[in-house]
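**Q** Sharing a model that was predicted from the sequence below.
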Amino acid sequence: MALRRGVGFVLGLLIFAVAVSAAGVVTLWVVVGREPSVSSNSTLVMRLNTDLREAAPDDVVRQVLSGAPPPTLRTVVDDLRKAKVDKRIGAVLIRPSQLSAPFWGKVQEVRDAILDYRRSGKPAIAFLDYADDRAYYLATACDRIFLMPTSQVDLNGLATYEVFVRGTLDKIGAYPDFLHVGQYKTAANQLTETGYTPAHREMSESLNRDMYDQLVRGVAEGRKKTEEDIRALIDNGPFLAADALKAGLVDELAYEDQIDDKMKLPGGKLRRLEQKDYSKISLTSLGLNRGPKIAVIQAVGAIVSGESGFDAINGAVLGSETLIRNIRDARADGSVKAIVLRVDSPGGSAIASDAIWRELALTRDENPKRPLVASMSDLAASGGYYIAMAAPYIVSQPGTLTGSIGVITGKIVTGGTWQKVGANIESVHNGKNAEINSPARPFNESERAKVQAGIDAFYDTFVEKAAQSRHMPPEKLNSLAQGRVWTGRQAKQVGLVDALGGLDAALAVAKQRAGIAPDASVEVVFYPPKRSVYEMIAQSFKSETSAALAIQSMLSPQERRAVSLITAPMRLFRPGEPLAILPWREIE
């Protein structure tokens, strides 16, 4: 009896401690979430120490106890929208030096938002304590650029790196047995080849060249120079601070505390307002995000069957069942006047992509008066393009990676690896093709024919649906497909997308197609909605979340992407599943 009372007492203490901790977190959440006061003539300081994620992680413990998370892409854009109309904000100071965005689409979206803010007539100032190509590209959207006297501008061109691990697999006795449709469908090449194939190199050179041209054009426009001048300057980069000033790449050499001495600011001095505080100011308090409702359905991550989640290596995982629920919820809301599908995905499972496409097609056809528009972020390729093409109108950033209309499938045969460590795989089977997914040997002739027939059929379906969506003959679409990846700018030129711009451009199209006045404000509702504090607390105490974060913390973004290249086919997808997925690339 005494033992039972002791156990009950201990359990009671544990329950009480958990309840107190949860109450404390909720209290902190409420306190931290209060809107701050804003002084007149404030300068909004935006420290872009972020990879510009589409959405913040639903982890209340990290957000409250570990400090505010890095701002998301939408946080940055919305803060600039607020600053544009907020009379208390006199200027914006952009600090992009720790920007870690791996691609260019989201960077272009922030740059567009800075240019839109400047239409208010208020100054936008960039301060660089270090400037790589992305940070400098953003800074050129500002009125003036300040650079630390001891820093430099690393503007020296673009290089793309792709890791080929066939030699590594050979060393450990593993054999990548993959099939593909499309001469440019290179997602498996990094496993099956030791270097570029001619088609792979041609495509990579085209992508790198077009993105370089976009960088040159943006810098030339921002610094009021010719593109020829900028190309010549880039060939002489990187630049020490004094050389960057002499070349006209920056306006002043100064420390941050000297900015208000060197530039006439509203109120005569730098009244700092940090972005992490200004983000708590609601859009509605400034007259924004009101009016007719437009739903934005976020499709972020590698596409898999089942539920969405988080992968320690790949990050966000987009589950078909979760996204289909979100689509149905938005469709069921009679107050929604238009739907925008926001895609940031390299693709993934072909079957899951088709299931999502079907639900979007049903949504599109159910109510022709409620338009469906697709908005592409950094990535909307392969399966990401597949789901986007359900929309009659597609908006892409010039630097988005898209297209990749093709299919791969296969397996990594590990029988030789096991033999190297003294192990042996044996099996028994019934059925001619029962061992089609055998890890011990490659496909035989009969199995290979079956697998190839399966991905050929899906590729034909992909091309047919894309041709219908883009109003092209299948033969022409097929010539643009073949697994080829395009930048958004190239995709518009060949007819795979309709317009260039970010989410706000897609919302403008949705408004126009829904019969909403161009200058009318709208309420943007995101799907999935933010989870409740209770739901986030429950998720935060799950051990797998902590383990995933621990693994993430030990790897750099480049290392995570490299590990993902080898392990994603085995971890995220079912054996033998046809994949519509983008190859991994590192852009610098």
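**A** Thanks, I have the structure now. Residues are numbered from 1 along each chain as shown.
**Q** For the stretch 351-500 of the chain, just list every one of the strands.
**A** Counting by DSSP state E, counting those that start in this stretch, the stretch 351-500 of the chain has these strands, from start to end: 372-381, 393-396, 401-403, 407-413, 485-487, 499-500.
**Q** ok, residues contacting the fourth one?
**A** For strand 407-413, the surrounding residues in contact (Cβ atoms under 8 Å, 6 or more residues apart in numbering) are 169, 174-182, 185, 187-188, 191, 350, 437-442, 451, 454-455, 458-459, 462, 483, 569-570, 575-581. Using the backbone N, CA and C atoms, a C-beta is placed for each residue, glycine as well.
**Q** could you pull out the helices for the stretch 251-400 of the chain?
**A** Ranges of helices within the stretch 251-400 of the chain are 259-262, 275-278, 320-332, 350-366, 383-388, based on DSSP state H, counting those that start in this stretch.
**Q** where does the chain have low pLDDT?
**A** Counting by pLDDT under 70, the chain shows low-confidence ranges at 1-34, 57-69, 312-314, 531-576, 583-588.
**Q** can you list the domain ranges for it.
**A** 38-156+237-282, 290-404+483-587 (automatic domain parsing).
**Q** mind checking which of those is nearest Asp210?
**A** For Asp210, the closest of the domains of the chain is domain 290-404+483-587, at 4.7 Å, according to Cβ to Cβ.
**Q** Next, count neighbours for Gly90.
**A** 21 (other Cβ atoms under 10 Å).
**Q** And what about Ile94, helix, strand or coil?
**A** Under DSSP: H, G, I helix; E, B strand; the rest coil, Ile94 falls in the strand class.
**Q** so what's it up against?
**A** Counting by Cβ under 8 Å, 6+ apart, Ile94 has contacts 46, 48, 114, 124-127, 138-139, 142.
**Q** and if we set it to 6 Å?
**A** Contacts of Ile94 were listed using Cβ atoms under 6 Å, 6 or more residues apart in numbering, and they are 46, 126, 142.
**Q** Against Glu109, how distant is the last one?
**A** In this structure, Cys142 and Glu109 are 16 Å apart, going by Cβ to Cβ, to the nearest Å.
**Q** Over to the second one?
**A** For Ala126, the distance to Glu109 equals 17 Å [Cβ to Cβ].
**Q** doesn't Val38 make contact with Asp277?
**A** No: in this structure, Asp277 is not within contact of Val38 by Cβ atoms under 6 Å, at 8.5 Å.
**Q** Report the distance from stretch 43-55 to the chain centre.
**A** The chain centroid and the centroid of stretch 43-55 are separated by 14 Å, computed with Cα atoms, centre = their mean, to the nearest Å.
**Q** Touching it from outside, list them.
**A** Residues outside stretch 43-55 that contact it (Cβ under 6 Å, 6+ apart): 70-73, 83, 89, 91-96, 98-101, 106, 270-275, 278, 298, 300, 344.
**Q** Buried members of those into ChimeraX, please.
**A** Selection of buried members from those for ChimeraX, criterion 16 or more other Cβ atoms under 10 Å:
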select :70,71,72,73,83,89,91,92,93,94,95,96,99,101,106,270,271,273,275,278,298,300,344
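**Q** how about Ile172, what does it touch?
**A** Contacts of Ile172 (Cβ under 6 Å, 6+ apart): Thr417.
**Q** please redo it, this time with the cut-off set to 10 Å
**A** Ile172 sits next to 414, 416-417, 420-421 when contact means Cβ atoms under 10 Å, 6 or more residues apart in numbering.
**Q** Could you dump the residues you listed into a markdown table with neighbour count and distance to Asn430 added?
**A** Converted to a markdown table, the contacts of Ile172 look like this (neighbours: other Cβ atoms under 10 Å; distance: Cβ to Cβ, whole Å):
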| residue | neighbour count | distance to Asn430 |
| --- | --- | --- |
| Thr414 | 18 | 23 |
| Gly416 | 15 | 26 |
| Thr417 | 18 | 27 |
| Lys420 | 11 | 30 |
| Val421 | 8 | 30 |
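**Q** Now do the buried residues in stretch 521-529.
**A** Within stretch 521-529, the residues that qualify as buried are 521-527, counting by 16+ other Cβ under 10 Å.
**Q** okay, those residues in a markdown table with distance to Glu228 next?
**A** Converted to a markdown table, the buried residues of stretch 521-529 look like this (distance: Cβ to Cβ, whole Å):
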| residue | distance to Glu228 |
| --- | --- |
| Ser521 | 43 |
| Val522 | 42 |
| Glu523 | 46 |
| Val524 | 41 |
| Val525 | 47 |
| Phe526 | 43 |
| Tyr527 | 46 |
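**Q** Just the ones in strands from those residues, please.
**A** Those of the buried residues of stretch 521-529 mapping onto strands are 523-527, per DSSP state E.
**Q** can you tell me which of these lies nearest to Tyr386?
**A** Ranked by distance to Tyr386 (Cβ to Cβ), those are led by Tyr527 at 19.3 Å.
**Q** Verify the stated contact: the closest one with Ser308.
**A** No: using Cβ atoms under 10 Å, Tyr527 is not in contact with Ser308, being 11.6 Å away.
**Q** quick one: common contacting residues for the two?
**A** Jointly contacting Tyr527 and Ser308 under the rule Cβ under 10 Å, 6+ apart are 298-299, 323, 325-326.
**Q** next one: the strand or helix carrying Val107 to chain centre, how far?
**A** In this assignment (DSSP states H and E), Val107 forms part of helix 105-118. In terms of Cα atoms, centre = their mean, the centre of helix 105-118 is set 16 Å apart from its chain centre.
**Q** by contact count, what packs against it?
**A** For helix 105-118, the elements it packs on are strand 42-47, helix 73-85, strand 89-95, strand 124-128, helix 133-139, helix 198-223, strand 372-381, helix 503-513, judged by 3 or more Cβ pairs under 10 Å, 6 or more residues apart in numbering; DSSP states H and E.
**Q** got those as TSV, with distance to Ile234 columns?
**A** Shown next, in TSV, are the helices and strands packed on helix 105-118 (distance: least, Cβ to Cβ, whole Å):
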stretch	distance to Ile234
strand 42-47	26
helix 73-85	26
strand 89-95	22
strand 124-128	17
helix 133-139	9
helix 198-223	7
strand 372-381	23
helix 503-513	28
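**Q** picking up where we left off before, export the helix holding Val107 to CSV, keeping only CA atoms.
**A** Written as CSV, here are the backbone C-alpha positions of helix 105-118 (Å, rounded to 0.1, in the frame of the first residue of the first chain):
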residue,chain,number,x,y,z
GLY,A,105,13.7,32.2,-56.4
LYS,A,106,13.0,33.3,-52.9
VAL,A,107,15.9,35.8,-53.0
GLN,A,108,14.3,37.4,-56.0
GLU,A,109,11.0,37.5,-54.2
VAL,A,110,12.6,39.5,-51.3
ARG,A,111,14.3,41.8,-53.8
ASP,A,112,11.0,42.5,-55.5
ALA,A,113,9.5,43.3,-52.1
ILE,A,114,12.3,45.8,-51.4
LEU,A,115,11.7,47.5,-54.7
ASP,A,116,7.9,47.6,-54.0
TYR,A,117,8.6,49.2,-50.6
ARG,A,118,10.7,51.9,-52.2
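**Q** Fine, thanks again, bye for now.
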